[in-house]
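# Sequence plus the predicted model coming up.
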Protein chains: 2
Amino acid sequence: MAFLRSLSRCLSRSFSTSAAAASIPSAGGGLSPTFVGREKPRVVVLGTGWAGCRLMKGIDTGIYDVVCVSPRNHMVFTPLLASTCVGTLEFRSVAEPIGRIQPAISRAPGSFFFLAKCTALDTESHTVHCETVTDGAGKTTLEPWKFKVSYDKLVIASGSEASTFGINGVKEHAIFLREVYHAQEIRRKLLLNLMLSDVPGISENEKCRLLHCVVVGGGPTGVEFSGELSDFIIKDVHERYSHVKDYIHVTLIEANEILSSFDVRLRQYATNQLTKSGVRLVRGIVKDVQPEKIILNDGTEVPYGLLVWSTGVGPSPFVSSLQLPKAPGGRIGVDEWLRIPSVQDVFSIGDCSGFLESTGKPTLPALAQVAERQGKYLANLLNRIGKAGGGHANSAANVDLGAPFVYRHLGSMATVGRYKALVDLRQSKEEKGLSLAGFVSWFIWRSAYLTRVISWRNRFYVAINWLTTFVFGRDISRI
Amino acid sequence: MAFLRSLSRCLSRSFSTSAAAASIPSAGGGLSPTFVGREKPRVVVLGTGWAGCRLMKGIDTGIYDVVCVSPRNHMVFTPLLASTCVGTLEFRSVAEPIGRIQPAISRAPGSFFFLAKCTALDTESHTVHCETVTDGAGKTTLEPWKFKVSYDKLVIASGSEASTFGINGVKEHAIFLREVYHAQEIRRKLLLNLMLSDVPGISENEKCRLLHCVVVGGGPTGVEFSGELSDFIIKDVHERYSHVKDYIHVTLIEANEILSSFDVRLRQYATNQLTKSGVRLVRGIVKDVQPEKIILNDGTEVPYGLLVWSTGVGPSPFVSSLQLPKAPGGRIGVDEWLRIPSVQDVFSIGDCSGFLESTGKPTLPALAQVAERQGKYLANLLNRIGKAGGGHANSAANVDLGAPFVYRHLGSMATVGRYKALVDLRQSKEEKGLSLAGFVSWFIWRSAYLTRVISWRNRFYVAINWLTTFVFGRDISRI
C-alpha cells in the first residue's frame, strides 16, 4: 500500500495503523466578524424559502459575501408540491438546490451554505448561534454541533410553521404539505394503503378506512391536493387498482368556505368542479385527531387512512423565542423598509415577518408571491446600501434607503384538477376585477408557473413530467 | 351533511356518530384453490426481480391468472442503480411498477399483486403462507396480518441477499446497493457529509473522515459505483462544493482482483481508468466494521464517512428455511426444466435457484442476464403446459415439456465512469473472444441498456436524464 501514502492531506489520516484520533468538532468554532477594507461585508440569510432564495438570487456578490443557514439545501417550489404526491410531477422537479439559485455560495471563498438551524440571536455583537442538522445520517448517528456566525447584515427569512390550532393528535397523525418529504410521505402512504386494501383477509370496514383520504383545510393547497387526488383516482386508480376503485374516496373538511379569499363566482365554480370529480365537501370543525379517525365538533367520527392537514400557518418556535417587537399574529415586526427597527442591520422577510402596527400597514398574507416580492426588494436595498459604503456592521446609518416596500397583489391562482383552474386577478377581496375559471385559466396557471420555476433545468423537467403524465399516465412505483 | 349519506358502499362507514367498529383483518383469509373448468389456473410468483418480472411479462394471461407476492411493487433496473446515487439518473427512472410490466395484475378479476412476503410453503396442499409488509406506513403503525394463497403453479423467484461473510458490523454500518432505497440512503448520506464538512468548527480529521467514501467489493457493482462517484467528484463536487473538494476521496477495497470474471486486458484497463480518475484501489480483507472506521486483516484502520458494501450475494433466510433439496451454495435445487423435482408444480428461477448436482450442470452466476433468460424460458414452459391442459394443480404429469433450459452467456458489461465502459463478449472466462473498452463500448453499453429498460416511459426518462445531466450537470438537492 505504499502508493497510497502521498496523495493529499487527507490520505495520511485515512489509513493508519495507530488508533485514529476520535474527532470531535471543536466547540465554539465559527465565522469571525469581517475586517472593514480587507474583506467584503457578510450577509447572513436564515432560511431557503421563497423570500430567502429570491434575496440570495438578487444579491450583488461583488459587494457581499453570502452565508446561508438553513436545515434544507434547496428551495421547494411550493405551488407544484401537491402535484408530486400523486406522481404528476417528480419530487426533484419541484426542488431547486441553493447552489443553482446563487452559484457564489458553492464557489466564492467567503460564501457558504451551512446545513444548520439558528438557535439564538445576539444583535449586540452581530452574531447568530447555530447548530448543525444531522438527521438523515442513516444508521450512524452523528451528534449535532454548535457554531457561531458573525454578520454584517442579517436577513431572517425562516418562514412559518403549519398551525394545528392546539388540536390534539394533529402532529402525531396528520401529514402537512409544506416540504418535499411531506409529499413523499403522502405518496408512500397512499400507495401502501392502495396495495394493502387489496390483500385477502381485510375487512370491508378496514378497506373503507384505509382508502378514505381526508384533507383538512380548504385553502388553495387543500383544494389543489384534493383536485389532484380525485384526478389520480379517476384516471389512474380506476385503471391500475381496479380491484379497489369503488372503495377510495376523498373528503375535504373546512370550517368556513373553501377558497375564502377568492371571488364568489370562482368559489362556486371550484365547489362544482370538486363535487363533480367525487370530492366530498364537508363543513365542520375538527375537535380531535386519533390514529385511525378524527372527531368533529358535532361528534361525527370520520375514519381515515390518509390525513393531510393544510389549515394555515403560524409563527415557528424560533420566531416566537426572539425578543423582538412583534407584528399582529406573532410575526417579527418590520418597518416599511423591512428592517427590524429596534436593532441595527437586521431585516426580516417572508411568512415570518409582518408590518409593525406603527407603520399603519396591514399584515400581508403568507403567500409565495409576497415573499418573492420582499426578497427581490430587499436584495436591491442591500445592494444599494453596500454600494453607498454601508455594507459593514453599524455603518449604514446615513445611507438613503430609497422608496419603502409596497406590495401590489397580482392575483391568485388555484387548480381544481382535470385541466381546470381558477385565476383571480382582483387586487383585493373587496374589489371587482377579472376572474377566470376553466381550461383557459388552467393553461395560464401552468404557463405562469413554468416561467417562474427558477432554473431552465427544472422548467425543462416540469414540462417533460407533464408531457409524460399526459402520454403514459402517472407513475405508481412505491420507492 | 345529508348529501353525504348515499354515495357508495363506503360512505355509510366513513361518517358515523356511533363508535366505528375497530376493524381487525380477519385471520386466515386468503385465495382458495381454483375450480377446474370454472376458473383459470393460478400462477403464484414470489418476487419482483428480473426473473419474476420477466416471467410475468411473458405469461399468457388468457390461460392463467397471475398472483404476485412481493415486498416491493416494482422491479429495479439494477444495472443502472449505481448511477442514481450521484444524481446521474432519477430514482424513478430505474424502477418499473409491476402493473406496467403485466397490466393484468391491476385489471383482471383473478390476478393480484400482494405487498407481502412469503413466510412458509405447504407443497402438499399447494398453499403459500404470507404476511403483509406495512413498513412505510408513516407515523401510524399498522399491524401486519397473515393470509394464505393457493396455487396451481408456484414460481419461487425471491432472489438472494447481500452477503456479509459473517463480518461484524456490516449490516449495522454499511449500505448495500441492491434496492432503490439503498441508493436513496447513499445519496442522502453523501450530500449530508458534503454539507456537514463545510460547517465551521469541524476538525481536519473529521472532515477527512466524513468525505472518505469506501466501497468494499470489486465486482461490476462496486466498480460502477466507484466510477460514478469519482465522476461526480471530478465534475460536480469541484464546481458545487469547491470549499471541500480537496478532502473527498474514494477507496475501493477488494480481497482479490477487481472484475475477476473479465478478460485480463479489460481488468487492466479498468484499473488504469479508476486510478486515473482518483479512485484508490486497495487489496485487503475487511475484518471488522465499526461506526466510523473499518479494520482490515493486517490491522490497518480505515476511517470512513460513507461505506458501500457490494461483495456478492448468498441465500436469503426464507430460501434457507425451505425444506427442499438444495443446489451448491445453498440455493434451491432445480432440474433442467427449472422444476423442483421432489414436489409437484413448483419452479424456481433467478438468484435463489441453482441446478441440482444430479443434473451435471454448473451453478449459473447471480446475474440479471441469467434471471431474465430463465424468466422468459419458464413463461413459455408454463404457457405450453397450460395450452396442453396441465395448468391446474397436479395435472401436468403427462405434458411434454419440450427442450430444457440452456444458458448462453451473451457477454458482460461494466462502466468505469467518464464515458468509459468494458464489454466482454467471451462466452466464458476461459475462452478467447471479443473484448472492448473505452468510449465505443460505453456507447454500446448505454444503448444496450436503453433498449432493455422495459417500458417506453422509462426508456424516454433515462434518455432525458442522461441528456440533462450532460447539459446541466447533476442534481444535488437533498430531498
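Sure thing, it's come through. Because the structure is predicted, anything quoted here is derived from the model rather than measured.

# For the stretch 251-400 of chain A, which segments are assigned as strands?
A:279-283, A:286-289, A:293-296, A:301-303, A:306-309, A:313-314, A:332-334, A:346-348, A:353-355 (DSSP state E, counting those that start in this stretch).

# Single out the most deeply packed of the ones you listed.
strand A:306-309 (a mean of 26; mean count of other CB atoms under 10 Å in any protein chain shown). Yep, even glycine has a C-beta here, placed from its N, CA and C like the rest.

# what mean pLDDT does the strand of greatest length in chain A have?
Longest strand of chain A, by residue count under DSSP state E: strand A:112-122. The average pLDDT for strand A:112-122 rounds to 95.

# Quick check: what element follows that strand along the chain?
Using DSSP states H and E, the helix or strand that follows strand A:112-122 towards the C-terminus is strand A:127-132.

# now the helix or strand just after that next one and strand A:112-122, what's the angle there?
Per DSSP H and E, the first helix or strand lying C-terminal to strand A:127-132 is strand A:146-150. Relative orientation of strand A:146-150 and strand A:112-122, computed by axes from the mean of the first three to the mean of the last three CA atoms, to 10 degrees: 90 degrees.

# For strand A:146-150, which outside residues touch it?
The contact list for strand A:146-150 (CB atoms under 8 Å, 6 or more residues apart in numbering or on different chains) reads A:27-34, A:42, A:44, A:67, A:69, A:114, A:116, A:119, A:125-132, B:199-201.

# if we can go back for a sec, and chain B, which of the strands of the stretch 251-400 of chain A is closest to it?
strand A:301-303 (5.0 Å; CB to the nearest CB).

# Using CSV, list the CA coordinates for the longest strand of chain A.
Extracted in CSV, the C-alpha atoms of strand A:112-122 (Å, rounded to 0.1, in the frame of the first residue of the first chain):
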residue,chain,number,x,y,z
PHE,A,112,-21.1,29.3,2.4
PHE,A,113,-24.2,27.2,2.8
PHE,A,114,-24.5,25.7,6.3
LEU,A,115,-26.9,22.8,6.9
ALA,A,116,-28.0,24.0,10.3
LYS,A,117,-30.7,25.8,12.2
CYS,A,118,-30.3,29.1,14.0
THR,A,119,-30.9,28.7,17.7
ALA,A,120,-30.3,32.2,19.1
LEU,A,121,-29.6,35.7,18.0
ASP,A,122,-27.2,38.2,19.6
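
# where's the residue of the stretch 201-350 of chain A found nearest chain B, which helix or strand?
Per CB to the nearest CB, residue A:201 is where the stretch 201-350 of chain A lies closest to chain B, at 2.5 Å. Using DSSP H and E, residue A:201 falls within no helix or strand.

# coming back round to it: from the contact counts, what lies against the longest strand of chain A?
Counting contacts by 3 or more CB pairs under 8 Å, 6 or more residues apart in numbering or on different chains; DSSP states H and E, strand A:112-122 packs against strand A:65-70, helix A:104-107, strand A:127-132, strand A:146-150, helix A:317-321, helix B:180-196.

# just checking, which of the ones you listed sits deepest inside the structure?
strand A:65-70 (a mean of 25).

# Determine which of the helices and strands packed on strand A:112-122 approaches residue B:332 most closely.
helix B:180-196 (24.6 Å; CB to CB).

# Name the surrounding residues that touch the closest one.
A:73, A:113-115, A:132, A:134, A:136-138, A:142, A:479, B:74, B:76, B:81-82, B:84-87, B:91, B:94-95, B:175-177, B:202, B:210-211, B:213, B:237, B:241, B:244, B:248, B:305-306, B:308, B:476, B:478.

# With stretch A:257-275 instead?
Contacts of stretch A:257-275 (CB under 8 Å, 6+ apart): A:218-220, A:222-223, A:226-227, A:230, A:252, A:281, A:365, A:412, A:414, A:416-418, A:420, A:422, A:424, A:426, A:429, A:435, A:437-438.

# tell me the contacts of residue A:345?
A:126, A:151-154, A:393-394, A:396.

# For residue A:176, give me its contacts.
A:162, A:182, A:308-310.

# Same check on residue A:112?
A:31, A:67-68, A:105, B:198, B:243 are the contacts of residue A:112 under CB under 8 Å, 6+ apart.

# can you rerun that using 6 Å?
residue A:67 (CB atoms under 6 Å, 6 or more residues apart in numbering or on different chains).

# Quick check: longest helix in chain A by residues?
helix A:368-387 (DSSP state H).

# Could you measure from residue A:158 over to chain B?
18 Å (CB to the nearest CB, to the nearest Å).

# State the number of residues packed around residue A:372.
Residues lying near residue A:372 (other CB atoms under 10 Å in any protein chain shown) number 20.

# so what's the residue nearest to the spatial centre of chain A closest to, chain neighbours aside?
Centroid check for chain A by CA atoms, centre = their mean gives residue A:178 as the closest residue, at 4.9 Å. With CB to CB, 6 or more residues apart in numbering or on different chains as the criterion, residue A:178 has its nearest non-adjacent residue at 6.1 Å, and that residue is residue A:162.

# List phi and psi for the one you found.
phi -60, psi 140 (degrees, to the nearest 10).

# Buried ones among the contacts of helix B:180-196?
A:73, A:113-115, A:132, A:134, A:137, A:142, A:479, B:74, B:76, B:81-82, B:84-87, B:91, B:94-95, B:175-177, B:202, B:210-211, B:213, B:237, B:241, B:244, B:248, B:305-306, B:308, B:476, B:478 (16 or more other CB atoms under 10 Å in any protein chain shown).

# Among those residues, which are located in helices?
B:81-82, B:84-85, B:210.

# now the longest strand of chain A against helix B:180-196, angle please.
60 degrees.

# Domain-wise, how is chain A divided?
A:26-160+A:315-387, A:170-313+A:410-472 (automatic domain parsing).

# For the ones you listed, give me TSV that also has distance to residue B:373.
Below are the domains of chain A laid out as TSV (distance: least, CB to CB, whole Å):
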stretch	distance to residue B:373
domain A:26-160+A:315-387	32
domain A:170-313+A:410-472	28
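
# mean pLDDT lowest for which of the ones you listed?
What stands lowest among these, in mean pLDDT terms, is domain A:170-313+A:410-472, with a mean of 85.

# That domain: how far from the chain's middle?
17 Å (CA atoms, centre = their mean, to the nearest Å).

# for stretch A:398-410, same thing?
That offset, for stretch A:398-410, works out to 25 Å (CA atoms, centre = their mean).

# Now that stretch: buried residues?
Here stretch A:398-410 shows A:399, A:401, A:405, A:407, A:409 as buried, counting by 16+ other CB under 10 Å.

# Convert the C-alpha atoms of it to CSV, please.
Output of stretch A:398-410 as CSV, limited to C-alpha atoms (Å, rounded to 0.1, in the frame of the first residue of the first chain):
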residue,chain,number,x,y,z
ASN,A,398,-26.7,57.7,6.9
VAL,A,399,-27.5,55.8,3.7
ASP,A,400,-30.5,56.9,1.8
LEU,A,401,-32.8,53.8,1.6
GLY,A,402,-35.0,55.0,-1.3
ALA,A,403,-38.6,54.0,-1.6
PRO,A,404,-40.2,51.7,1.0
PHE,A,405,-41.6,48.3,0.2
VAL,A,406,-45.1,48.4,-1.4
TYR,A,407,-47.0,45.2,-2.2
ARG,A,408,-49.2,45.0,-5.2
HIS,A,409,-51.2,41.9,-5.4
LEU,A,410,-51.0,40.4,-8.9
